[in-house]
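Asks: mind looking at a prediction? Sequence and model below.
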Amino acid sequence: MAYETAQTVGKEKLVADIQEVIHDAEVLIKATAGDLSEKAKEARERLTAKLDAARSQLPRWGEVAKEKVVEGAKQADKTIRAHPYESIAIAFGVGLLVGLVANRK
């Protein structure tokens, strides 16, 4: 259950970030609409085409990311269950190192 929550939050953040980039690019396209140079027109057309492609692929990317996160969480769970004491030792060691580094301030 915790894996699903973390995975959902990660997926939602990724999708939100991509949507924000798409929005910013759309604002840029609108802001340069008055520029009549040929290079600017070509750049706007290419950017618009790329944005349309990204918008259509966004749901699929979200599903692929979700599948990979779930797969990774399941594999981590299997590894931890197969080696519980080693997992505890590694977690302790990492926590100790983080604590030492944090205390150096």
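Replies: On my side now, so go ahead. Numbers count the residues shown, from 1 in each chain.
Asks: excluding sequence neighbours, find me the nearest residue to T48.
Replies: I29 (6.1 Å; Cβ to Cβ, 6 or more residues apart in numbering). All C-beta atoms are positioned from the backbone trio N, CA, C, and that covers glycine.
Asks: so which strand or helix has the residue nearest the centre of the chain?
Replies: Nearest to the mean C-alpha position of the chain, counting by Cα atoms, centre = their mean, stands L14 at 3.7 Å. In this structure, L14 is located in helix 2-31 according to DSSP states H and E.
Asks: one more: A54?
Replies: Per DSSP H and E: A54 is located in helix 38-82.
Asks: packing partners for that helix?
Replies: helix 2-31 (3 or more Cβ pairs under 8 Å, 6 or more residues apart in numbering; DSSP states H and E).
Asks: what's the burial count for K78?
Replies: Here the count is done by other Cβ atoms under 10 Å, and K78 has 10 residues near it.
Asks: same deal with R55?
Replies: 13.
Asks: list the residues that contact the closest residue to it other than its chain neighbours.
Replies: Closest residue to R55 apart from its sequence neighbours, by Cβ to Cβ, 6+ apart: I22 at 6.2 Å. Counting by Cβ atoms under 8 Å, 6 or more residues apart in numbering, I22 makes contact with 51, 54-55.
Asks: okay, V101 and G93: tell me how far apart.
Replies: According to Cβ to Cβ, to the nearest Å, V101 and G93 sit 13 Å apart.
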